[in-house]
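# Structure for this input, please:
(one chain, ligands or ions: 3)
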Amino acid sequence: AGRPGLFKARLTAEAAVTRFAEGLDTPILAYNGTSPGPLIEAFEGDRVEITFANRIEGEASTIHWHGMPVPADQDGNPMDPVEAGTDRVYAFELPEGSAGSYWYHPHAHGATAEQVYRGLAGAFVVKAKADPVPAEYGDTVLVLTDLRLAADGSMPANTMTDLMNGRVGDHVLVNGQKNPRLAVTKGAVRRLRLYNATNARFLKLAFDGAAMTVIGTDGGLLAAPVAADEILLSPGERIELVASFSRPGPVTLATLDYDRGWMGPGRPADGGLTLLTVDVSEDAGGAMPPPPARLRPIAPLPAPAFSRRLVFSETMAMNATGMEMGFLINGKAFDMARVDIVGKAGETELWEIVNQADMDHPFHVHGTQFQVIEHERDGKISRPPYLAWKDTVNVARGETLRLLLRQEQPGRRMYHCHILEHEQLGMMGVLDVT
Ligand code: C2O
Ligand code: CU
Ligand code: CU
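Ligands and ions are numbered 1, 2, ... in the order given. The predicted structure is shown next:
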């Protein structure tokens with residue numbers, strides 16, 4: 001009901017300098033001077049018009065609206081570069097039911113991985129007109145990125161290990177800060193949106209001292225809350241939680257170890273990192289209501305009209321500079337001019353993603369949200385614990401994952417591994433929706 005609002009903004013990508021460590025200045029890329037970029041919050045039903053000014057010296061870029069149902073020609077695909085020194089407007093509507101935790105980042109051909117790790121990524125939250133989650137919980141967006149700094153404060157170039165496993169930084173940052181602190185009163189409940197905006201770091205997360213309930217995924221709320229002890233967020237994924245802080249004292253959000261199939265030496269310590277500290281005060285604030293038993297209905301997608309199979313694999317090839325790894329889908333490396341698969345708008349398809357590689361690959365597709373229906377590993381089939389809207393999902397090594405997907409709008413869409421170095425080295429394809 002009512003006229004849709006107009007949401008207008010301007011995002012300028014440009015060089016900036018930040019001080020992550022005392023006395024060390026680090027040249028980065030930033031949207032509007034900050035990394036992560038500004039938090040964008042708009043409402044379902046809004047029309048969005050965002051002017052992108054590319055002021056990155058000598059580099060084309062784009063802005064991709066990760067997870068959002070925007071028209072293909074507004075989605076910042078590699079085929080639609082915005083040249084250095086130029087501007088373009090991205091315009092789209094946010095349909096009813098699209099409330100969710102999306103993000104934006106560059107998708108320029110051959111430059112996505114580097115522009116993202118240098119600092120270009122931000123959260124785009126689409127809010128529901130009628131939100132069932134109590135307003136007392138607040139709404140806190142936590143964008144997780146990671147960073148590697150050389151002794152002089154600069155960001156070192158990629159190594160061979162980075163090209164194989166993706167670039168994993170040494171410092172995990174929350175909204176650009178290392179281990180920031182949050183203060184709450186005893187008994188507080190907080191709504192948290194966690195984003196894995198790293199290029200390649202798998203984040204297995206747990207609170208020490210707070211109860212955690214999952215209320216939403218990439219594409220918005222679940223049907224009902226689900227209690228969880230830990231959460232695995234692969235690169236590109238988001239999760240919406242409520243955390244209850246019932247006892248006073250510091251509570252930490254930290255990482256647990258997760259073996260994602262590291263290749264070669266130098267596997268980073270990924271467990272035991274404290275990401276965030278919540279100081280819970282002695283005095284109780286006002287009592288907070290529990291999350292509602294029902295959040296919103298999620299209708300299962302209908303029986304598929306069609307099914308397709310995408311096989312993810314790795315290769316080793318000898319070239320002039322030595323051995324190099326290649327990352328393939330159905331035996332092919334990405335070619336921007338080639339259409340790999342063709343689909344029909346409005347038709348539900350079953351996608352079978354087969355990971356024949358030695359490491360996990362988080363699968364992502366543009367332009368829509370999908371529903372994972374089953375995982376198969378060593379002949380055993382398991383179903384996800386809840387029905388959810390997702391645009392990125394980890395496919396573990398040796399796993400076959402099945403999902404239902406429907407694209408509503410025509411145009412060319414990318415699908416790829418969201419370890420951005422793998423995307424860059426070929427693990428991406430083009431879906432043409434007619
Ligand atoms: Cu977040 Cu094609 O990417
Ligand atoms: Cu995307
Ligand atoms: Cu990958």
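
# which parts of the stretch 301-434 of the chain sit against ligand 2?
Contact residues, the stretch 301-434 of the chain versus ligand 2 (Cβ under 5 Å from the ion): residue 366. In this view, the C-beta of every residue, glycine as well, is placed from N, C-alpha and C.

# Give me the secondary structure label for the closest residue to residue 181 other than its chain neighbours.
Excluding the flanking residues, the one nearest residue 181 by Cβ to Cβ, 6 or more residues apart in numbering is residue 277, at 4.9 Å. Secondary structure, DSSP: H, G, I helix; E, B strand; the rest coil: residue 277 is strand.

# tell me the contacts of the nearest residue to residue 171 once chain neighbours are set aside?
Nearest non-adjacent residue to residue 171, counting by Cβ to Cβ, 6+ apart: residue 147, 4.9 Å away. Neighbouring residues of residue 147 by Cβ atoms under 8 Å, 6 or more residues apart in numbering: 20, 117, 155, 169-171, 173.

# And residue 154, by the same measure?
Residues near residue 154 by Cβ under 8 Å, 6+ apart: 26-27.

# And the pLDDT at it?
If you check residue 154, the pLDDT there is 94.

# That one belongs to a strand?
No: in this structure, residue 154 is coil, not part of a strand, as judged by three-state DSSP.

# Any idea how many residues pack against residue 290?
The tally of other residues near residue 290 (other Cβ atoms under 10 Å) stands at 11.

# Would you mind giving the secondary structure of it?
Per three-state DSSP, residue 290 ends up coil.

# Confirm that residue 115 lies within a helix, as I assumed.
Yes: judged by three-state DSSP, residue 115 forms part of a helix.

# Touching, it and residue 28? I think so.
No: counting by Cβ atoms under 8 Å, residue 115 sits too far from residue 28 to count as a contact (10.5 Å).

# and those two? which has more neighbours close in?
A count of neighbours by other Cβ under 10 Å puts residue 115 above the other of residue 115 and residue 28, at 22 against 19.

# and that one, how far is that from ligand 2?
Going from residue 115 to ligand 2 by Cβ to the ion, to the nearest Å gives 14 Å.

# Residues of the stretch 101-250 of the chain that sit close to ligand 2?
Taking Cβ under 5 Å from the ion, no part of the stretch 101-250 of the chain reaches ligand 2.

# let's see 8 Å
107, 236 (Cβ under 8 Å from the ion).

# Please see if the helix-or-strand element of the chain with minimal mean pLDDT touches ligand 1.
Least confident helix or strand, the chain: strand 322-329 with a mean of 85, by mean pLDDT, DSSP states H and E. No: against ligand 1, strand 322-329 shows no contacts by Cβ under 6 Å from any ligand atom, the least distance being 13.3 Å.

# contact partners of that strand?
163-164, 263, 310-318, 333, 340, 357, 415-417, 422, 425-429.

# Only alpha carbons, please: show stretch 239-247 as PDB.
The C-alpha trace of stretch 239-247 is given here as PDB (Å, rounded to 0.1, in the frame of the first residue of the first chain):
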ATOM      1  CA  ILE A 239      23.200 -15.100   8.800                       C
ATOM      2  CA  GLU A 240      20.800 -13.300  11.000                       C
ATOM      3  CA  LEU A 241      20.800 -14.200  14.700                       C
ATOM      4  CA  VAL A 242      19.400 -13.100  17.900                       C
ATOM      5  CA  ALA A 243      21.900 -13.400  20.800                       C
ATOM      6  CA  SER A 244      20.700 -13.300  24.500                       C
ATOM      7  CA  PHE A 245      23.100 -12.000  27.100                       C
ATOM      8  CA  SER A 246      21.800 -13.400  30.400                       C
ATOM      9  CA  ARG A 247      25.000 -13.200  32.500                       C
END
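
# Nearest to ligand 2: which residue in the stretch 301-434 of the chain?
Nearest residue of the stretch 301-434 of the chain to ligand 2: residue 366, at 4.6 Å (Cβ to the ion).

# where does the closest residue to that residue other than its chain neighbours land in three-state SS?
Leaving aside its sequence neighbours, residue 366 sits nearest to residue 413 (Cβ to Cβ, 6+ apart; 4.4 Å). Following three-state DSSP, the label given to residue 413 is strand.

# secondary structure element for residue 364?
strand 361-365 (DSSP states H and E).

# For residue 421, give me its contacts.
113, 158, 162-163, 165-167, 199-200.

# could you dump the residues you listed to CSV with distance to residue 102, neighbour count and pLDDT?
Shown next, in CSV, are the contacts of residue 421 (distance: Cβ to Cβ, whole Å; neighbours: other Cβ atoms under 10 Å; pLDDT from 0 to 100):
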residue, distance to residue 102, neighbour count, pLDDT
113, 20, 23, 98
158, 27, 17, 94
162, 27, 20, 94
163, 28, 18, 92
165, 26, 24, 96
166, 22, 29, 97
167, 23, 26, 97
199, 18, 28, 98
200, 20, 25, 98
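
# Number of residues surrounding whichever residue of the chain sits closest to ligand 2?
Relative to ligand 2, the nearest point of the chain is residue 66 (3.8 Å; Cβ to the ion). When counting by other Cβ under 10 Å, one arrives at 25 neighbours for residue 66.

# got the contact list for it?
102-105, 236, 364, 366, 391.

# excluding its backbone neighbours, what's nearest whichever residue of the stretch 1-150 of the chain sits closest to ligand 3?
Nearest residue of the stretch 1-150 of the chain to ligand 3 (Cβ to the ion) works out as residue 113 at 11.3 Å. Among residues not flanking residue 113 along the chain, residue 420 sits closest, at 3.7 Å (Cβ to Cβ, 6+ apart).

# Quick check: residues of the protein near ligand 3?
Residues of the chain lying near ligand 3 by Cβ under 8 Å from the ion: 166, 312, 327, 357, 359-362, 417-419, 422-423, 427.

# and of those residues, the nearest to residue 258?
Among those, residue 360 lies closest to residue 258 (Cβ to Cβ), at 8.9 Å.

# That's all I had, so thanks and see you.
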